[in-house]
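Undergrad: pasting the structure only:
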């Protein structure tokens, strides 16, 4: 038996592995064995070559073909070593020569279970990184993927070890935690352009996840999508074969409305998505994936009846690549947002090609359709441009009881923000509080750009008006109706349009249909929307048409509109009347008819 079992997890990090093993071989302590745990790396030959080049019998490789996750990988290592001390060396990190000796000195102290060293560059997390830690062998095991995936190593293991005895610090900096885009933790954290679907795509996770990010919150896809996974969707004899290409954004289960109608779906997903932009393998099943490593050959060998590519600006390059690879297949492009972002990224030529070259193109709003008709005049036939919000939810989520209103209990209006509080700030929220208006915020995410703008004012708002500013965890579609129907109105984006009626000057907010619109309507809520007289604003037109808007310019306007809503509930009645039209199911037959017209 050796003194230390060193676990070296690796997935797609073979380029870093020689550096890690060099630091291991340079340790002052020689009484160790190391297991290089290859968790389904796409380049197993490279990993094997690095281990062979180490030419040390103390270093052994263990591999399995499919990625099982960090927890299962480390547990396999714990089961394969009987050393009394376990240390961790991720393939992309580095030990200095005195690292193991310093950790063993700490663990020699009576009762100490866990020892940690300092990092050359602080990780900025409240928990220790793997590379810092060695611990006494215990019966404890790492939490595995079926139970939870998270970047929080306290939840995955350290908390259990600390419950067995004290931790000690070496007082020395003897290891390097390497910050780079391929880190597992960055794939999980929204602040690093990660998130659930970035994680799913990178590690090709086939099962629904229970997922927690320290930047956002907890998502239980197992419970959320059980109702869909357990259903049968038999294909009809005249059903279409539809290839979904790109990403599915917030409401991916909407595509099952096509499966319910007997059509067969397969998925081909971008590898350059956002954390909240759903890609496969889809967590609700029933949509097998095309092999993304050989998708061109696979699609040509078994062509679908129609390619339905979608959705937001991040999917544009991949959708364009698919269109270019299979130009002879019927191709429908659904685009939601935002042409302005695509222009800023230098990808407008790709988007213009998609809109002009697709057999049909569906835009989120009438205004967005007309904007593209102007922007591509002479290149696109306006008759091939249609309107369908590409991110509508499934009707199933509407089947739930409404909850009693909070305002019926305290007489004060309660408003709700779902997602980023677009346009809200400290002065505005406090102005509402001074007028007796409650603001409830759900699902705030620490992320760069507009999505994380709340971090600059929310704490101050809660301190100044603790009785009127409330923060809640994210609410999933299974709870939209029950949870959100307690409120009196929901906030859409607060912005001032400057287009003056000229569609050519329209901004993203002017053209967009916010993803929160159908969510709030599902709960029977009227929508708070700035009045923009004289400007072209898509969502304002829809709210006025349906009678579901509460329009304002000032905080006094908001308070007055809410008082009227509490007195008559006309906005609530209108929202409940139109909410089904804001589900994908209401438009699925129209979409299928479009597909058939192209065959």
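TA: The structure has been received and is ready for your questions. Quantities reported herein were computed from a predicted structural model and do not represent experimental measurements. Numbering: from 1, shown residues only.

Undergrad: burial count for residue 592?
TA: When neighbours are counted by other C-beta atoms under 10 Å, residue 592 registers 19. In this view, the C-beta of every residue, glycine as well, is placed from N, C-alpha and C.

Undergrad: give the contact list for it.
TA: Neighbouring residues of residue 592 by C-beta atoms under 8 Å, 6 or more residues apart in numbering: 240, 258, 261, 263.

Undergrad: most neighbours of all those, which one?
TA: The most neighbours of any of those, using other C-beta under 10 Å, belong to residue 258, which has 25 neighbours.

Undergrad: before we move on, back to that, now pLDDT and distance to residue 97 too, for the contacts of residue 592, in a markdown table please.
TA: Formatted as a markdown table, the contacts of residue 592 follow (pLDDT from 0 to 100; distance: C-beta to C-beta, whole Å):
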| residue | pLDDT | distance to residue 97 |
| --- | --- | --- |
| 240 | 98 | 64 |
| 258 | 98 | 60 |
| 261 | 97 | 65 |
| 263 | 98 | 62 |
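
Undergrad: just send those residues back as TSV, with distance to residue 91 and secondary structure too.
TA: Output for the contacts of residue 592, formatted as TSV (distance: C-beta to C-beta, whole Å; DSSP: H, G, I helix; E, B strand; the rest coil):
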residue	distance to residue 91	secondary structure
240	45	coil
258	42	helix
261	47	coil
263	43	coil
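
Undergrad: could you look up the SS state of residue 155?
TA: Under DSSP: H, G, I helix; E, B strand; the rest coil, residue 155 falls in the helix class.

Undergrad: meant to ask about residue 201
TA: Secondary structure, three-state DSSP: residue 201 is helix.

Undergrad: please tell me how far it sits from residue 212.
TA: Separation of residue 201 from residue 212 (C-beta to C-beta, to the nearest Å) stands at 18 Å.

Undergrad: so those two - more neighbours on which side?
TA: When residue 201 and residue 212 are compared on other C-beta under 10 Å, the one with more neighbours turns out to be residue 201, at 23 against 19.

Undergrad: okay, that one: pLDDT?
TA: Listed pLDDT for residue 201 reads 94.

Undergrad: quick thing: my sequence starts at 883, can you match it?
TA: In the new count, where the first residue is 883, that last one comes out as residue 1083.

Undergrad: mind listing what it touches?
TA: By C-beta under 8 Å, 6+ apart, residue 1083 lies in contact with 1151, 1153, 1155, 1161.

Undergrad: so where do the strands sit in the stretch 1133-1282 of the chain?
TA: 1146-1151, 1188-1193, 1213-1217, 1242-1245, 1267-1269 (DSSP state E, counting those that start in this stretch).

Undergrad: wait, I meant the stretch 983-1132 of the chain
TA: 996-1001, 1015-1018, 1031-1032, 1049-1058, 1092-1094, 1100-1102, 1123-1128.

Undergrad: with mean pLDDT added, can I get those strands in JSON lines?
TA: Listed next are the strands of the stretch 983-1132 of the chain as JSON lines, based on pLDDT from 0 to 100:
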{"stretch": "strand 996-1001", "mean pLDDT": "96"}
{"stretch": "strand 1015-1018", "mean pLDDT": "98"}
{"stretch": "strand 1031-1032", "mean pLDDT": "97"}
{"stretch": "strand 1049-1058", "mean pLDDT": "96"}
{"stretch": "strand 1092-1094", "mean pLDDT": "96"}
{"stretch": "strand 1100-1102", "mean pLDDT": "95"}
{"stretch": "strand 1123-1128", "mean pLDDT": "98"}
